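Participant: need a structure here:
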Amino acid sequence: MKQSTKQSHSKHIQTIEDSSIAFIPSMTQNSLPVFISEGAKLLISNFGTIVLIVAAFLIGMLWTEVRYLKQGGAGLGAQIPTTAPTTTATTQGKTQVNLTVDQVKALFVKGRIMFGDANKKVLFVEVSDPSCPFCHIAGGLNPEINKQSGGQFLMKVDGGTYIPPVPEMRKLVEAGKAAFLWMYSPGHGSGEMGTKALYCAFEKGKFWQVHDLIMTNAGYTLMNNVVKNDKAQVDTLADFLKSAMNPKDLKDCIVSGTYDAKPAEDTQTAAQIGYQGTPYFLINTKPFAGAYSYEQMQTDVTAAMK
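Facilitator: Reported below is the predicted structural model:
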């Protein structure tokens, strides 16, 4: 009986040793203890499990990032977008609102950021977020983000084909041929302080000066990585914008809370007109959901001017 048990145990050892040689070829059959062989098997099994978990986690992060970018966000860590803006009438699960000209004209009221009046033949509306990467693409003042976002967004001035729409709209407004309305909605989520600064600047006749600084690459970084929606960062924001607006005026305005309700008010209005993510444009009643090139809008602008 003892001999049989001994033979069975020896066979068990022999089997484990033989299988261990395949995993650890540098060890000899006679020198490999049973507990090391079992440990090796356990280690390999656990390692495989860990690899699968890590791979699943990374795939999940990548999928989340891709979906977020498609919705107009900058992705994890305020990264640069790599996907094209949508060219369809419905995005992010929202239904297009069919507006009338009178409804668009009704947006142009005192208390909003606007240039020109509602009687112009061409009415531009931009729903934007100072922290939104696609808004920076459409703004045309952050060539770094255009270059890093893919060939379709490479501006003509840099050898590409993309024409940022906001500067073109601004030209028509300054020429007296169109009216322009700017409103906020949290397309990326870190633009509330920037929005309040824009309202304060508009009050002082400095909207475009402040806008043009915020929409640079430095402004994009500041909005997303430093200021965000933190009122405690008002000094930092005022210092960044000091070449465009008196820092004391800006700080006093923001600290006073005069425009604290504006982000929420703008967001509500944007939803009512069918906002589908930032940037979102109206040319009269025609919606453009995304960072379209102005070339794609030109036909509608020309038709509206007749």
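Participant: which other helices and strands contact the helix or strand where Pro263 lies?
Facilitator: Element membership for Pro263 (DSSP states H and E) is helix 262-272. Contact partners of helix 262-272 among helices and strands, from 3 or more Cβ pairs under 8 Å, 6 or more residues apart in numbering; DSSP states H and E: strand 178-184, helix 192-203. No exception for glycine: its C-beta is placed from N, CA and C like everyone else's.
Participant: Which one, of those, ends up nearest to Asn142?
Facilitator: The minimum distance between Asn142 and the helices and strands packed on helix 262-272 falls on helix 192-203, with 13.5 Å, by Cβ to Cβ.
Participant: could I get the following helix or strand past the closest one in PDB with only the CA atoms?
Facilitator: The helix or strand immediately downstream of helix 192-203 is helix 207-214, counting by DSSP H and E. The C-alpha coordinates for helix 207-214 follow below in PDB (Å, rounded to 0.1, in the frame of the first residue of the first chain):
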ATOM      1  CA  PHE A 207     -16.200  91.700 -26.500                       C
ATOM      2  CA  TRP A 208     -14.100  91.000 -29.500                       C
ATOM      3  CA  GLN A 209     -10.900  91.900 -27.800                       C
ATOM      4  CA  VAL A 210     -11.500  89.500 -25.000                       C
ATOM      5  CA  HIS A 211     -13.000  86.900 -27.300                       C
ATOM      6  CA  ASP A 212      -9.900  86.900 -29.500                       C
ATOM      7  CA  LEU A 213      -7.600  86.300 -26.500                       C
ATOM      8  CA  ILE A 214      -9.800  83.500 -25.000                       C
END
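Participant: Residues contacting the helix or strand just after helix 207-214, please?
Facilitator: Heading C-terminal from helix 207-214, the first helix or strand you meet, by DSSP H and E, is helix 217-222. With contacts defined as Cβ atoms under 8 Å, 6 or more residues apart in numbering, helix 217-222 is touched by 78, 130-131, 133, 136, 142-145, 194, 213-214, 236-237, 240.
Participant: how many other residues sit next to Leu250?
Facilitator: The burial count assigned to Leu250 is 26, neighbours taken as other Cβ atoms under 10 Å.
Participant: ah, wrong one, I meant Asp158
Facilitator: Considering only other Cβ under 10 Å, Asp158 is surrounded by 11 other residues.
Participant: Now the residue nearest to Val255 when sequence neighbours are not counted, what are its backbone angles?
Facilitator: Leaving aside its chain neighbours, Val255 sits nearest to Val234 (6.3 Å; criterion: Cβ to Cβ, 6 or more residues apart in numbering). Dihedral pair for Val234: phi -60, psi -40, per degrees, to the nearest 10.
Participant: I figured Val234 hits Cys253, correct?
Facilitator: No: at 9.5 Å, Val234 and Cys253 do not qualify as touching, with contact defined as Cβ atoms under 8 Å.
Participant: What segments of this structure are strands?
Facilitator: 113-115, 122-128, 178-184, 280-283, 286-289 (DSSP state E).
Participant: In helices, which of the contacts of helix 217-222 appear?
Facilitator: Those of the contacts of helix 217-222 mapping onto helices are 133, 136, 143-145, 194, 213-214, 236-237, 240, per DSSP state H.
Participant: Could you save the residues you listed as a markdown table and add columns showing neighbour count and distance to Glu265?
Facilitator: Supplementary listing: those in a markdown table, determined by neighbours: other Cβ atoms under 10 Å; distance: Cβ to Cβ, whole Å:
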| residue | neighbour count | distance to Glu265 |
| --- | --- | --- |
| Pro133 | 29 | 24 |
| His136 | 34 | 23 |
| Pro143 | 18 | 32 |
| Glu144 | 14 | 32 |
| Ile145 | 22 | 28 |
| Gly194 | 28 | 16 |
| Leu213 | 20 | 24 |
| Ile214 | 31 | 20 |
| Thr236 | 14 | 25 |
| Leu237 | 26 | 21 |
| Phe240 | 23 | 25 |
